[in-house]
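Student: Below are the sequence and a predicted model; questions follow.
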Amino acid sequence: MEFLTVYMNLLPASLAQGAVYAFVALGVMIPFRLLNLPDLTAEGSFPLGAAVAAALISSGWGIVPAMAWALLAGSLAGALTALIHLVFKVTSLLAGIIVLTMLFSLNIRVMGQPNTALFSHDTLFTVLLDADGGTPITQFAVLCVLLTVLCAALFWYLHTEAGLALRAVGANQMMARAQGLSTWRYVIAGLAVAGALAATGGAVMAQLQSYADVNMGVGVLMIGLAATILGEALFGSHTIARQILAPVLGALVYFQIVAVALSLGLRPSDLKLLTGLFVLLALAVPMVKARFRRAPSPSKSEPRP
Amino acid sequence: MTTGTVQDGVHVSDLHKTFFAGTVQEKQALNGVSFSLSPGEFAVVVGSNGAGKSTTLNAIAGELSVDSGSVLVDGDDLTRLPAHKRARYMSRVFQDPMQGTAASLTIEENLAISARRGQPRGFRSALRAVDVETFRTALEALGLGLENRMKDRVALLSGGQRQSLTLAMATLKRPRLLLLDEHTAALDPRAAELVIDATLKTVAGGEITTLMITHNMDHAIRHGDRLLMMHEGRVILDLDKHDKQGVTAADLVERFHDAVSDRMLLN
């Protein structure tokens, strides 16, 4: 079984990779699910986080401040998308595209070049593991600890008064206003948190591969979305705990599917086609199901992307 | 009379609103709406479609900005405040049962949102045991058994149940003004009666200043201390509790025609 050997070789690395993209998937889940506001900024905030972290680490900064600045930069990118959407009444999708396009130039400015190597610098993984940055399995373990802390924090936040208010704004803006909630405040806060998560993912990715590249964001939104949809299908989304775990576990499962596809002989360059087809399928299934139902009633809610 | 009593209550003065100004669709929705409610008063608003009833309510709630005029509650000028800041003063129940509640949140979460209407939201736990007991009491008062379903998503409730919940949310924290926008119009007759009963139980104590729009003449005559009739963006008839006594639907229609023809003569 050559396939199995190839897959077993890919397994540790695919787990580590899935864990990194779990940050992005969380950052995609928040606007799409909690705020009901589709947002593409992750494509720009992921490489932004990588660029900021790489630029700072390569110029001698410590890992913690470098990652803090990456997180802050990502939250600003998310807040900017929110403001463009709110102030100029631009759809959130277009607002995100505007921001991610601008971030491409900005990311090159941040690094001073289109990419930055970190091979001769300490990273999260060389500090915590060994001089080589550990093995994929130990890297995965480190990422699991980070993700656990993050999920716990998110779980706590969404059960506070402010977190519940954010969910109410996402569920029904009219009701939210009538109950005294500033929809602006919570849309800005939600997209800022989403941007911070995507940027943290980028900062971790740059350290994992000791390399940041301005193009590393291409396709991350679809990966995050695919992970969220997959996780929700497998683990459900009816409680906050499940809604938080779905994108994380979904990302891990998604990269196992990727590893299987690669071991079956697909090229890495085929993966974006595969991801697109998967998301398309996930969106099409409820529609097709509804059409085959006996008395087709026009559904009141939009199909969730 | 002290200045305090003059200012207390709700004062709506000379609201004007024109939609699509300067175009062929120009529509004068509010044409000088004025009225005052004293504290605790329960006023019912009637009028034909397009009379400006809902527009008036939306203008008071801040969902709609007016061209001129002012809205004062207990002496505070709310005219320039956005809707979410006016929520400190007032609460609303909408015509559409979907609008007043968040379907994807549970019953207790919806109540928790309304428990802090008009107050800052911090990082305290949203559902505390002491609050949940308050919610249970509020739900028990509705008599629908919702107190046993507090962890159910609101999406599972019927229109009447959702409207009753919205009412409970609107009055959980006592508002200085309660706005009811034809809140039974989208319900079946039985559910509508249930919601009206719950409304009367909540409001009739004379504690909450209330403005209720209705299409139901019978409700308008039977309930409330005050009856306002609107036509073409104005209040054309204003009956107090005493004037309302013994009035029938036929009388109201006649008074409506009188008021309209008077105005036509004056114009």
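Tutor: In hand now; what should we look at? Numbers count the residues shown, from 1 in each chain, chains lettered A, B, ... in the order given.
Student: quick one: B:R116 and B:A87, what's the gap?
Tutor: 10 Å (Cβ to Cβ, to the nearest Å). For glycine as for every other residue, the C-beta is placed from the backbone atoms N, C-alpha and C.
Student: Also B:I236?
Tutor: Distance from B:I236 to B:A87, by Cβ to Cβ: 30 Å.
Student: Comparing these two, which shows the higher neighbour count?
Tutor: A direct count of neighbours by other Cβ atoms under 10 Å in any protein chain shown for B:I236 and B:A87 places B:A87 higher, at 26 against 18.
Student: give me every residue that touches the nearest residue to A:P136 once chain neighbours are set aside.
Tutor: Leaving out its chain neighbours, the residue that sits closest to A:P136 by Cβ to Cβ, 6 or more residues apart in numbering or on different chains is A:P12, at 3.5 Å. Residues in contact with A:P12 (Cβ atoms under 8 Å, 6 or more residues apart in numbering or on different chains) are A:T135, A:P136, A:I137, A:F140.
Student: Off-centre distance for the host helix or strand of A:P12?
Tutor: Using DSSP states H and E, A:P12 sits within helix A:2-29. Offset of helix A:2-29 from its chain centre (Cα atoms, centre = their mean, to the nearest Å): 14 Å.
Student: Now do the residue nearest to A:P136, the pLDDT please.
Tutor: Model confidence at A:P12, given as pLDDT, is 90.
Student: And for B:D77, the neighbour number?
Tutor: With other Cβ under 10 Å as criterion, B:D77 counts 11.
Student: one step back: out of the contacts of A:P12, which are buried?
Tutor: A:P136, A:F140 (16 or more other Cβ atoms under 10 Å in any protein chain shown).
Student: so of the contacts of A:P12, which ones are in helices?
Tutor: Secondary structure from DSSP state H places A:P136, A:I137, A:F140 of those in helices.
Student: Just send those residues back as JSON lines, with pLDDT too.
Tutor: Below are the ones in helices among the contacts of A:P12 laid out as JSON lines (pLDDT from 0 to 100):
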{"residue": "A:P136", "pLDDT": "90"}
{"residue": "A:I137", "pLDDT": "92"}
{"residue": "A:F140", "pLDDT": "95"}
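Student: Between these, which sits nearest chain B?
Tutor: For the ones in helices among the contacts of A:P12, the closest approach to chain B (Cβ to the nearest Cβ) belongs to A:F140, at 31.5 Å.
Student: from what I can see that closest one touches A:L15, true?
Tutor: Yes - here A:F140 reaches A:L15: they are 4.6 Å apart, a contact under Cβ atoms under 8 Å.
Student: Counting neighbours, which bits of stretch A:46-59 end up buried?
Tutor: For stretch A:46-59, by 16+ other Cβ under 10 Å, it's A:46-58.
Student: Can I get those in a markdown table including pLDDT, distance to chain B and secondary structure?
Tutor: Shown next, in a markdown table, are the buried residues of stretch A:46-59 (pLDDT from 0 to 100; distance: Cβ to the nearest Cβ, whole Å; DSSP: H, G, I helix; E, B strand; the rest coil):
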| residue | pLDDT | distance to chain B | secondary structure |
| --- | --- | --- | --- |
| A:F46 | 97 | 28 | helix |
| A:P47 | 97 | 31 | helix |
| A:L48 | 98 | 27 | helix |
| A:G49 | 97 | 25 | helix |
| A:A50 | 97 | 30 | helix |
| A:A51 | 97 | 31 | helix |
| A:V52 | 97 | 27 | helix |
| A:A53 | 97 | 28 | helix |
| A:A54 | 96 | 33 | helix |
| A:A55 | 96 | 33 | helix |
| A:L56 | 96 | 29 | helix |
| A:I57 | 95 | 32 | helix |
| A:S58 | 94 | 36 | helix |
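Student: ok now do A:L80, which residues does it touch?
Tutor: The neighbours of A:L80, taking Cβ under 8 Å, 6+ apart as the test, are A:V99.
Student: in the helix or strand hosting it, what's buried?
Tutor: Element membership for A:L80 (DSSP H and E) is helix A:63-87. By neighbour count on 16+ other Cβ under 10 Å, the buried set for helix A:63-87 is A:63, A:66-86.
Student: May I have stretch A:116-126 as PDB, with CA atoms only?
Tutor: The C-alpha trace of stretch A:116-126 is given here as PDB (Å, rounded to 0.1, in the frame of the first residue of the first chain):
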ATOM      1  CA  THR A 116      11.300  37.500   4.700                       C
ATOM      2  CA  ALA A 117      13.200  34.400   5.900                       C
ATOM      3  CA  LEU A 118      13.500  33.600   9.600                       C
ATOM      4  CA  PHE A 119      15.900  30.700   9.300                       C
ATOM      5  CA  SER A 120      18.600  32.300  11.400                       C
ATOM      6  CA  HIS A 121      16.200  33.700  14.000                       C
ATOM      7  CA  ASP A 122      14.500  32.300  17.100                       C
ATOM      8  CA  THR A 123      10.900  31.500  16.600                       C
ATOM      9  CA  LEU A 124       8.100  30.300  18.900                       C
ATOM     10  CA  PHE A 125       9.000  26.800  18.000                       C
ATOM     11  CA  THR A 126      12.800  27.000  18.400                       C
END
